[in-house]
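Engineer: Return a 3D structure for these sequence lines:
(one chain, ligands or ions: 2)
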Amino acid sequence: MYNFLQPKIFRYCKRCGFSPDNGKKGGSCNFCNIPFSEYELQNSQEEIDSWSFEEYNNARNEIIENIIKKSPEYSQEAYDSRKIKQKKIMKEVFKNSKPKVTCPYCHSNNTGKITGGSIVSNEFFGIFSKGIGKQWHCYNCNSDF
Ligand SMILES: [Zn+2]
Ligand SMILES: [Zn+2]
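Structural biologist: Numbers count the residues shown, from 1 in each chain. Ligands and ions are numbered 1, 2, ... in the order given. The predicted structure is shown next:
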């Protein structure tokens, strides 16, 4: 069971491709400071809700790869530097990551404790879970639990 919000309309940054799937509207890219654009998936919300997190992520990544990255406003440089910044923030947020626990979704041990709270993870990693008070993050499947 996946407990993620999988919105039909997702936000993305047309410059760096950042796409936080936390179901919010509006706002600006945390990295480029330009307003988010929106993309609407062609599938019905019922269909989207029946997808696993991986399936949803794949559908979104496909759009980022095939449409957003081909737009003239897209900057590979902005994308690369955003990825590096994200990695740094992730390290910072999850640095007190012992002891290790196993992810209940994919059984990976590649997990870390969320010390910065889920608000930080929402904004910077595009991660969202409906449950409040999640303490662990899985780097493998991007779940919070
Ligand atoms: Zn951006
Ligand atoms: Zn996992």
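Engineer: for the protein, what helix or strand is lowest in average pLDDT?
Structural biologist: The weakest-scoring helix or strand in the chain, judged by mean pLDDT, DSSP states H and E, is helix 117-125 (a mean of 48).
Engineer: Now do the same for Glu54: helix, strand or coil?
Structural biologist: Per DSSP: H, G, I helix; E, B strand; the rest coil, the local secondary structure of Glu54 is helix.
Engineer: so where do the strands sit in this protein?
Structural biologist: Applying DSSP state E to the chain gives strands spanning 9-12, 37-40, 111-113, 136-138.
Engineer: Briefly note if the last one comes near ligand 2.
Structural biologist: The reference is to strand 136-138. Yes - counting by C-beta under 5 Å from the ion, contacts between strand 136-138 and ligand 2 involve Cys138. C-beta here means a position set from N, CA and C on the backbone, and glycine is covered the same way.
Engineer: chain center to that strand, what's the gap?
Structural biologist: Relative to its parent chain, strand 136-138 has a centroid offset of 13 Å by C-alpha atoms, centre = their mean, to the nearest Å.
Engineer: go on, the third one?
Structural biologist: Relative to the chain's own centre, strand 111-113 is displaced by 16 Å; criterion: C-alpha atoms, centre = their mean.
Engineer: Output the set of residues of the protein in proximity to ligand 1.
Structural biologist: Checking the chain against ligand 1 by C-beta under 5 Å from the ion, the hits are 13, 15-16, 18, 29, 31-32.
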